[in-house]
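Trainee: my questions are about this predicted structure, shown below with the sequence.
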Protein chains: 4
Amino acid sequence: MRKISMQEVERHNTPDDCWVVINDKVYDLSTFQSTHPGGSEIITDNAGKDVSNLFNEVHPKDIVERLLSPDACLGFVDEETVDPAKHTVAGKEKAPSRAQQHVLEPQAAGKTEGQQWQKPPLEAMLNTFDFESVAAHTMTEEGWGYYSSGADDEITLRENHTAFQRVWFKPRILVNVKSIDMTTSILGVKSSFPLYFSATALGKLADDEGELAISRAAAVNDVVYMLPTLSSYSLDEMLDVRQPGQTHFAQLYVNPKRERTIEYVKRLEAGGVKALFVTVDAPQLGRREKDMRNKFTKTTDVQKGDDVNRSEGVARAISEFIDPSLCWEDITWLKTITTLPIILKGVGSGLDTVEALKMGCAGVVLSNHGGRQLDTARSSIEILPEAVAALNGHDPSWRSRFEVCIDGGIRRGSDIFKAMALGASAVGIGRPVLYSLASYGQAGVERMCSLFKEELTMVMRLMGTPSIADITEEHVLYSNLMTHVPAQSRDHLQLDTYEPLRPAARLK
Amino acid sequence: MRKISMQEVERHNTPDDCWVVINDKVYDLSTFQSTHPGGSEIITDNAGKDVSNLFNEVHPKDIVERLLSPDACLGFVDEETVDPAKHTVAGKEKAPSRAQQHVLEPQAAGKTEGQQWQKPPLEAMLNTFDFESVAAHTMTEEGWGYYSSGADDEITLRENHTAFQRVWFKPRILVNVKSIDMTTSILGVKSSFPLYFSATALGKLADDEGELAISRAAAVNDVVYMLPTLSSYSLDEMLDVRQPGQTHFAQLYVNPKRERTIEYVKRLEAGGVKALFVTVDAPQLGRREKDMRNKFTKTTDVQKGDDVNRSEGVARAISEFIDPSLCWEDITWLKTITTLPIILKGVGSGLDTVEALKMGCAGVVLSNHGGRQLDTARSSIEILPEAVAALNGHDPSWRSRFEVCIDGGIRRGSDIFKAMALGASAVGIGRPVLYSLASYGQAGVERMCSLFKEELTMVMRLMGTPSIADITEEHVLYSNLMTHVPAQSRDHLQLDTYEPLRPAARLK
Amino acid sequence: MRKISMQEVERHNTPDDCWVVINDKVYDLSTFQSTHPGGSEIITDNAGKDVSNLFNEVHPKDIVERLLSPDACLGFVDEETVDPAKHTVAGKEKAPSRAQQHVLEPQAAGKTEGQQWQKPPLEAMLNTFDFESVAAHTMTEEGWGYYSSGADDEITLRENHTAFQRVWFKPRILVNVKSIDMTTSILGVKSSFPLYFSATALGKLADDEGELAISRAAAVNDVVYMLPTLSSYSLDEMLDVRQPGQTHFAQLYVNPKRERTIEYVKRLEAGGVKALFVTVDAPQLGRREKDMRNKFTKTTDVQKGDDVNRSEGVARAISEFIDPSLCWEDITWLKTITTLPIILKGVGSGLDTVEALKMGCAGVVLSNHGGRQLDTARSSIEILPEAVAALNGHDPSWRSRFEVCIDGGIRRGSDIFKAMALGASAVGIGRPVLYSLASYGQAGVERMCSLFKEELTMVMRLMGTPSIADITEEHVLYSNLMTHVPAQSRDHLQLDTYEPLRPAARLK
Amino acid sequence: MRKISMQEVERHNTPDDCWVVINDKVYDLSTFQSTHPGGSEIITDNAGKDVSNLFNEVHPKDIVERLLSPDACLGFVDEETVDPAKHTVAGKEKAPSRAQQHVLEPQAAGKTEGQQWQKPPLEAMLNTFDFESVAAHTMTEEGWGYYSSGADDEITLRENHTAFQRVWFKPRILVNVKSIDMTTSILGVKSSFPLYFSATALGKLADDEGELAISRAAAVNDVVYMLPTLSSYSLDEMLDVRQPGQTHFAQLYVNPKRERTIEYVKRLEAGGVKALFVTVDAPQLGRREKDMRNKFTKTTDVQKGDDVNRSEGVARAISEFIDPSLCWEDITWLKTITTLPIILKGVGSGLDTVEALKMGCAGVVLSNHGGRQLDTARSSIEILPEAVAALNGHDPSWRSRFEVCIDGGIRRGSDIFKAMALGASAVGIGRPVLYSLASYGQAGVERMCSLFKEELTMVMRLMGTPSIADITEEHVLYSNLMTHVPAQSRDHLQLDTYEPLRPAARLK
């Protein structure tokens, strides 16, 4: 590989002729930039610069090799040509948190000068919403936009949790609930309670320790962590922090280039991972407008025509990492290259659940990808009874060789109970992990998980079900689970004319 | 025709004796003014003046001949009698946009002085709502009032879109969705995707290029444009901008004077239009109070008794242009004067859909006229299953000779998918075209249409339906589509007494 | 009758020893005050004074004789003892309107000083809600409290109109609707459209002309007015303003002293009234807390123990004017004293509707007394299908001798159509009459009624039903009319944590 | 017992070595503090101090003996060692009310300085919500947090009342309702109307007179009071204020040490209590976050690691007072130690209701513990039809030996009627008692109860049911009682883009 002067790099500073330095190597990203899932702007805005800092903030070191074609790497930067004084290193300064930003620009936030946000103590976190509310301050605008956003109108995003509130409890009394046993097994793996940390991308957007902190917190709480494909740390780094006795599952995006998938699965097997969760609900990444909107509040001058490229860019981008042609035959193929149990992650109907069973999969995760893909897709808790009924109809003994998990919207211990009652083996959580990580690091994730345990203990005790096996469909009422009431129009004339009743006194 | 001095014109300046100059001709509008669909005020307020500017702002030049009786034209104005210094030309200055108005009168808008609205770049438009929010600034108060208003309490206006949110997706997985084919044909006409631009009146209220810009944008996006009867440009002008290979449909208001309809249909046929959409839901124009309210926020002195005339005026007005006696026999007659396929636009029940089929129509558009006519009329997406069931009951092979389209409330690509799933051939859009036109001109319409395509592509991919033909009723759940929940009363005492839970931290 | 000096009167100025002067006569109201429907405060606060002005503001002159026992009148006040300088005449100044009050005390209303409310021109009134919004300004606090209030949480008050929004239209097309005929007959009386003015108490609270103005407006609009029992003008005064050809119905509260009812019915018959509407839903007046609350915002010093008397007072009060022992046998008796058709006003179930038919009544008014009596009583439009089904089940030919009307919550022409579609003969309106009267006097009532006609014309045209007889149950969808959704709890944690989507631009 | 110097006490001032003085005795609370239901902070914050004042503010004197093991008491404090000048007496000053607090710190409450809250006169209280709104001011932050909070998201807390609004009335007319008889009997005890005061803990948090005031008010209103186990006054003190002819029921938490339960039941029997309500829905205390949140708004420095102890502490704490192993066999045992009728309080399903009947219980209270235990548990009014149907299915003659009561969310007289209509014998109220006590003392409780009577009288009169026995299921419509609609997501884009209709005028 040849040595390249920094001055030469700096001359390739346009979208069509775009070189950058990443960790001392020079890359030509002229082609790649338009398919970058994080948007082409972050690359083209820094064309001709050393972007190592920006890159390392969110990406694992091995991702360049895993994703870029070998000829993208042009050589090494000649260190002698780097003038430290004028050397342009993009992303040197960490981006400010949202709370900092609002202090720096108080007027933009409608705040009086000097007001400053105080992070509450960790002990003040009482539920998952608390972590989310803190993370909204401690995260950067970009990170928050990426994690918190959902598809289109975010109807499914919110429905995911709301749907649980259409399942009501029928508690039983006078059952000895002195000791509560929440332990269970998920795909043959013991777990302290029926919950696992699902795969989520780019953990460094939440915390420098990223996936490593999540993995350690999972070990402390004795729950399984599903390693993400699009992690901020490399697979080896994630496996390295594994604690004695800890079990990992792994997420799998099937690559258009199947040999890369074969290679990755081999690494997972070698690393001792216990199950493969194949993502099947993301042949294309969803439109997340909250995230997209971010770009325009910052940008000052936008070139015309830019939009066409960008808006189609996302669609084109997908085929670089994720295969939109993935189909049932590929599952058959996948079974030939591994002995690991295969679980389909992102199933949305009873029909496909039965199909997965027929194909010899070990289970499914009913999921809509956290509301990030298809808006007005049903919540997983709503699909669950349909899936269980379909399985029962196909083969009453399915439970001996198949498991149904769900994820999306689990925010309370009671949500876990309801999923168990309707037939799930376990629930996966994503954003609660990210938000607790982003607000208090590993300690936050541990406490978040403890709160879930505490809540589930209480619910099991109050429901009269001392063990997971005691939980049955008889414990819940879900007759109007499918009653979707969308945002309603308001009768403005009537309601703005009507003068409301008032109580005798009000504090404010 | 005689020459008339401007001084003589100026003397006829009362509602009962009302002359105006339009493009150098003098008209006596004493009778006509009370039946002017845009309100008599705009005419009587300018009695005795040259109103050419006002007129040309929204009307095509041929409309006077098409609508007024020949004897309304009194002659030419004598140009020598026109004193440029004192010549009163109404509407010389363009009306200010709503954003401008609010800058000029900041206090009325509750704004601090000097604050000025900045139009976002076109690239920042991410969905149809964005265009609407921009158009609310860039349009004049009159134009906005006319486009945005709906009948009565605007319940149907809002229900139109909301109803789509009661249809939920049942996505299928592991289908090869690498290439998505959205092409389809509407009434035998190829279209890049199952959407057409429906007829909307007075395009110049949105943009000077009006219908011409819409037509050109339709060509760029390879979709069909249905030419409006009440356009701002004349039919010839609209046909003139047709691009090679572009197809037009045409809207038809049947005129009480049938010979005018015969003449108009001949012109449409000669112009190469491919289908006639006969409006059947507007024997009378609906009451749109937001629009009506506009008049009173401006008017300073109102004469007593005025009201009776005006309120009845609208009802009387209709018979000038649109025949309230139109009935099924007229459809039989219409078939005798043209070979073009006839589609009934504005059908609201399964019964009338079957009736249209029996009458030999080529199809129907289920529609409530954008919520502008009959409040609490059902949304078209709600009528769709009823219509399809009725057709199936009447003749299972109906699809070979009949098509069902819907319009009203389509704001997302997912809405198009849902309409296809429930049996529609295509969807029509109206306001999204007007709003995108009013905010960014032809480029706005193009981008709006691109966004729809982008969204539909994504939905089809995520639903596992690579082509339009793959979309079936099995892909959606619409069991509570008919659950209408109106604006609810609030339990003020309970809710104002209750102290809400709060998350640990909040950004604002 | 003896002459009494004003000085003597002034000494009887306590609740237990309470004399007042009304139109030159001296009355001892020590007993009566505790049963005054308008509250005892208004009387005891003015003990020892000349209250003629206060009295005449709302009461007819003959009410004292009709309600008080003869020995309550002690004699005439000796005019020579009245010192004009210090003579205390209660209520000399008219009470200020709510708008005036808020100008006088701007801070209490949270308004900046000097801001003053401007009444819009009558022409700006576009619907019934507009009149209500103006009346909220022009009325006094007391009048507004009395008219606008409903029972308990006012759930039924609001449900009355809201329920209509759960009935949706199924319009028919291509019907000749050139001429619309809204005329109908109610109990054999011709009416310009199927609506009548229902009886409402104390018209002077709205306007000095009170019931006289209402009666005149009814004549102008060719609708029937049901004369109230508790009117501000005497029966004779109301009958005196009857126009040629005008028809009146009359409301009847059956008095515990039956001879008074006999006498009143005779006067009604002699006066040419055409039907008796016997109020059956008010054996006790409802608790209207908005009205009750008024008293405490004004009162400065409240004596302890007062409450027990007052709260029971209302219950005791009722037996003075209205007989809580009224039962079906009394209807039998009523038929023996009059040949007028008897209609039961305030029926709330199908069972009682059939019972009314069996008893030989001419009809019923399904009603909950404008939501003023029993909170969470069903709306009349909801009861209507139950009542019609019960009648059909009892005797399919019932329509030949029986009519079903409804009242409560009719605010739109479309509401009238829906009532017709579900089987009603006519609808009654109350508050719309009072609010339009309170805001613009007789002209207001006329315009309000015209707007109803204009709206119904439009709805009938757009529904394809040129005459009242054309309206059928097939024109509406009311499958979830009985879906009562109460005010819902809000998911504060989720919703206060969630950051909402925003459109690209907003006017404010 | 030895004498201990105050100086020695003061040295034991850490969580792990924690002594306090209570009413002249010295206790070592090092172990107990972590299981204190009111939180360990209140104890550890005052380690080494004389806490008598704090203690007596909420606890009865006998509770130390009833709950602490005998060896926790170390001896008497040596009075001579107490230096009055520096003697640290915790809680000397009464905690400020919430209204006072907000005056002292106006900025924290967003109030302008000097604004002060005025308590309305008792006569202004028109319903139970009024008392709650006043209590929100007059109570301390701690007391309010304890009383007003519910489990988790407080969905059940609010559903409890809201569910009643899904039961609608079908009033009957023309029934003689001159005299209304609300008297009834509950478990054989006469009552002035079908309501009793349910047991609620720590009455002193509301008023110094606590349970004594409640008991006296019950006597005045002739209703039964169920004595709480966790009262602020001792059992003897509560029994001492019993009025001639007054009846008490008693709540029973079964203690893990059964001998303590035996002893307590004997005291109840000796005291003349007439029925035992065994609490069966609280094997563990629920998580009430509003209450938990309180601690963190006050605390300034929090030590790390504290959280784990505290959050698990609640769970461990329970076994000290309440037996989580309580089961059906214990009911059998309970019947052997007493002849009092046994009622299970906190039943949540039809199955357990029938089980209670089979076990020979005298009845059940359908309850979710005021929404304080299990969130999304169903409301008692919703369970009621299921329970009655189950009983009817088991033994149609059950009413001869079994009663079903409900509590939770009863706020209106109409709620009582609805409970009767669906088969309840009586309703219990808790918070309305506490709030009326906290706002106006005993007089408040009396008026609150009078208002319930006044409302029920009115409802029975307007429903046409002169006695309790006349009330039947036919009087209500509850077809969508089970339609749970959770908090809904809002369509932000649509609703924030849409410009609402406005009435012509508005007061503000």
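Mentor: Looks like it arrived, so ask away. Numbering: from 1, shown residues only, chains lettered A, B, ... in the order given.
Trainee: so where's the stretch 1-150 of chain A shaky on pLDDT?
Mentor: A:86-93, A:103-115 (pLDDT under 70).
Trainee: could you measure from residue A:67 over to residue A:252?
Mentor: Using CB to CB, to the nearest Å, one gets 15 Å for the distance from residue A:67 to residue A:252. From N, CA and C alone the C-beta is placed, and that goes for glycine too.
Trainee: neighbour count for these two, which is higher?
Mentor: Comparing residue A:67 with residue A:252 by other CB atoms under 10 Å in any protein chain shown, the one with more neighbours is residue A:252, at 25 against 18.
Trainee: how about residue A:182, phi and psi?
Mentor: phi -100, psi 0 (degrees, to the nearest 10).
Trainee: residue contacts, it?
Mentor: Contact analysis of residue A:182 by CB atoms under 8 Å, 6 or more residues apart in numbering or on different chains lists A:192, A:193, A:194, A:453, A:456, A:457, A:460, A:467, A:468.
Trainee: the fourth one touches residue A:192, doesn't it?
Mentor: Yes. Between residue A:453 and residue A:192 a contact is recorded at 7.2 Å, counting by CB atoms under 8 Å.
Trainee: got any residues that touch both of those two?
Mentor: Common neighbours of residue A:453 and residue A:192 (CB under 8 Å, 6+ apart) are A:182, A:221.
Trainee: low pLDDT regions in chain A?
Mentor: In chain A, residues with pLDDT under 70: A:86-93, A:103-115, A:295-320, A:486-491, A:493, A:495, A:497-499, A:501-508.
Trainee: got the domain ranges for it?
Mentor: Listed by automatic domain parsing, the domain ranges of chain A are A:2-81, A:146-298+A:318-477.
Trainee: ok and the residue in the stretch 301-450 of chain A nearest chain C?
Mentor: Shortest the stretch 301-450 of chain A-to-chain C distance, computed as CB to the nearest CB: residue-wise this is residue A:411, at 7.5 Å.
Trainee: how near is the nearest residue to that residue once chain neighbours are set aside to residue D:291?
Mentor: Nearest residue to residue A:411, sequence neighbours excluded (CB to CB, 6 or more residues apart in numbering or on different chains): residue A:128, at 4.7 Å. Plainly put, residue A:128 is 19 Å away from residue D:291 if you go by CB to CB.
Trainee: do the same with residue A:151
Mentor: Taking CB to CB, one finds residue A:151 at 37 Å from residue D:291.
Trainee: between these two, which has more neighbouring residues?
Mentor: For the pair residue A:151 and residue D:291, the greater number of neighbours falls to residue A:151 (28 against 20), based on other CB under 10 Å.
Trainee: pretty sure residue A:286 is one of the things the more buried one touches, is it not?
Mentor: Yes. Between residue A:151 and residue A:286 a contact is recorded at 4.0 Å, counting by CB under 8 Å.
Trainee: identify the contacts common to the two.
Mentor: Joint contacts of residue A:151 and residue A:286 (CB under 8 Å, 6+ apart) are A:372, A:373, A:374, A:375.
Trainee: ok, longest helix in chain A?
Mentor: Secondary structure of chain A per DSSP state H: the longest helix is helix A:431-463.
Trainee: what helices and strands are in contact with it?
Mentor: helix A:128-138, helix A:141-148, strand A:195-197, helix A:210-221, helix A:413-421, helix D:306-321 (3 or more CB pairs under 8 Å, 6 or more residues apart in numbering or on different chains; DSSP states H and E).
Trainee: please repeat the previous calculation with a cut-off of 7 Å.
Mentor: helix A:128-138, helix A:210-221, helix A:413-421, helix D:306-321 (3 or more CB pairs under 7 Å, 6 or more residues apart in numbering or on different chains; DSSP states H and E).
Trainee: the stretch 1-150 of chain A against chain D: which residues are in contact?
Mentor: Contact residues, the stretch 1-150 of chain A versus chain D (CB under 7 Å from any CB of the partner chain): A:120, A:121, A:122, A:123, A:124, A:126, A:127.
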